[in-house]
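Student: Please find the sequence and the predicted model below.
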Amino acid sequence: MEFQELVRDTWQTALVFVGLLAFTRLLGKTQVGQLTFYEYVSGITIGSLAANIAAADPDKVWNHYYDLVVFVTLTYLVSLITIKNRPLRKLIDGSPTIIIENGKIIKENMHNLRYDLDEMYGHLRQQGVLDPAEVQYAILETTGDLSVIKKSDYQPVTKSDFNIHLPDPVFPVELIMDGVVIERNLRRQKRSREWLEQQLAARNIFDIAEVTYAGIDSKGQLFVNDNTHSKYSNKSSNE
C-alpha cells in the first residue's frame, strides 16, 4: 500500500465515522431503538466495513482491513474519552429529555426530538398508562426508551406505606452451573464443598453432575435444580 493510498484510506474512514455519527444524531433518538447513537453508528459501520473485506478483490483486502482497524481504533478512543468527558458524551449520545411533566405534554421537546404523539401513546401503554394526566414525569432516554414516573395517586401501594419492613434482597449467587461447582463463589460465601454436598444429600442428590443449577437466591435460601426437580431449602443459607 502506497503512502498516498494509506492517507486516502485514513481520511475516508475518518470521514465515514464522523459523517455517520452526524447523520445518526440528526435522525433523532427514535431511530436508534435500544442503542445509543454511538453504539448504533459503531455497529452498522463496523458491520459494513467487515462486509467490504469479505467481498473485496484480493488486491484490496488489506486496504479494507486497514479501514476497519482505523474505525475500530477511533471507536475505542472515543469510548475512552467520553467516559471522562461528560460534555462530549452528551454531544455524542444525547441527553434524556422530559416530554411530560405533571400531566402536561411538552410539545416543544417532542418536536425537537421528532417524537410524535402516536409513539408517545404507544410507549405509555407499554408502561400500563392510558392517560398522560396520570404521569408526573415521562422521560425519553438516550436509547429511545420512555421512562414513566406516575403521580403519587396512581402509584401502587407498597409495604412501606403500611410501615411493614422486610429484609432487603441479596444478590443471587451461583454455586453450581451445569454440573460444575463454582469454587470461587463458594469461598466468597464462606462455604465449603463439603457443606454443599451435605445440602445436596439432604435433597437425595449424590452426584453434582446431576445438578443443572444451584445457588443462593435473593432471599438467602439455597435453590437447587437437578435433572428432574427444582428444590428449595427450608433453611436460610446462613444457617
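Tutor: Looks like it came in fine.
Student: where exactly do the helices run in this protein?
Tutor: 3-27, 37-55, 61-84, 86-93, 107-113, 117-126, 183-188, 193-201 (DSSP state H).
Student: Reformat the ones you listed as TSV; add mean neighbour count.
Tutor: Using the backbone N, CA and C atoms, a C-beta is placed for each residue, glycine as well. Below are the helices of the chain laid out as TSV (neighbours: other Cβ atoms under 10 Å):
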stretch	mean neighbour count
helix 3-27	14
helix 37-55	16
helix 61-84	15
helix 86-93	14
helix 107-113	13
helix 117-126	14
helix 183-188	12
helix 193-201	15
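Student: Can you flag the weakest of those by average pLDDT?
Tutor: Lowest mean pLDDT within the helices of the chain: helix 3-27, at a mean of 67.
Student: Switch the helices of the chain over to TSV; also include distance to residue 174.
Tutor: Supplementary listing: the helices of the chain in TSV, determined by distance: least, Cβ to Cβ, whole Å:
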stretch	distance to residue 174
helix 3-27	38
helix 37-55	28
helix 61-84	29
helix 86-93	33
helix 107-113	41
helix 117-126	31
helix 183-188	6
helix 193-201	12
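Student: Got the phi and psi for residue 168?
Tutor: Taking degrees, to the nearest 10, you get phi -70, psi 140 for the backbone angles of residue 168.
Student: What is the burial count for it?
Tutor: Using other Cβ atoms under 10 Å, the number of residues around residue 168 comes to 6.
Student: Report pLDDT for it.
Tutor: 77.
Student: again, but for the one 3 residues further on
Tutor: Per-residue confidence (pLDDT) for residue 171: 83.
Student: That one contacts residue 217, correct?
Tutor: No. Using Cβ atoms under 8 Å, residue 171 is not in contact with residue 217, being 9.9 Å away.
Student: more crowded one of these two?
Tutor: residue 217 (16 against 7).
Student: Now do the same contact list for the more buried one.
Tutor: 172, 223 (Cβ atoms under 8 Å, 6 or more residues apart in numbering).
Student: ok, now how distant is it from residue 51?
Tutor: Distance from residue 217 to residue 51, counting by Cβ to Cβ, to the nearest Å: 44 Å.
Student: same question, residue 62
Tutor: 16 Å.
Student: go on, residue 193?
Tutor: Note on residue 193: its distance to residue 51, by Cβ to Cβ, is 49 Å.
Student: Can you tell me, leaving aside adjacent residues, what's nearest to residue 112?
Tutor: Among residues not flanking residue 112 along the chain, residue 97 sits closest, at 7.8 Å (Cβ to Cβ, 6 or more residues apart in numbering).
Student: I'm done for today, thanks for sticking with me.
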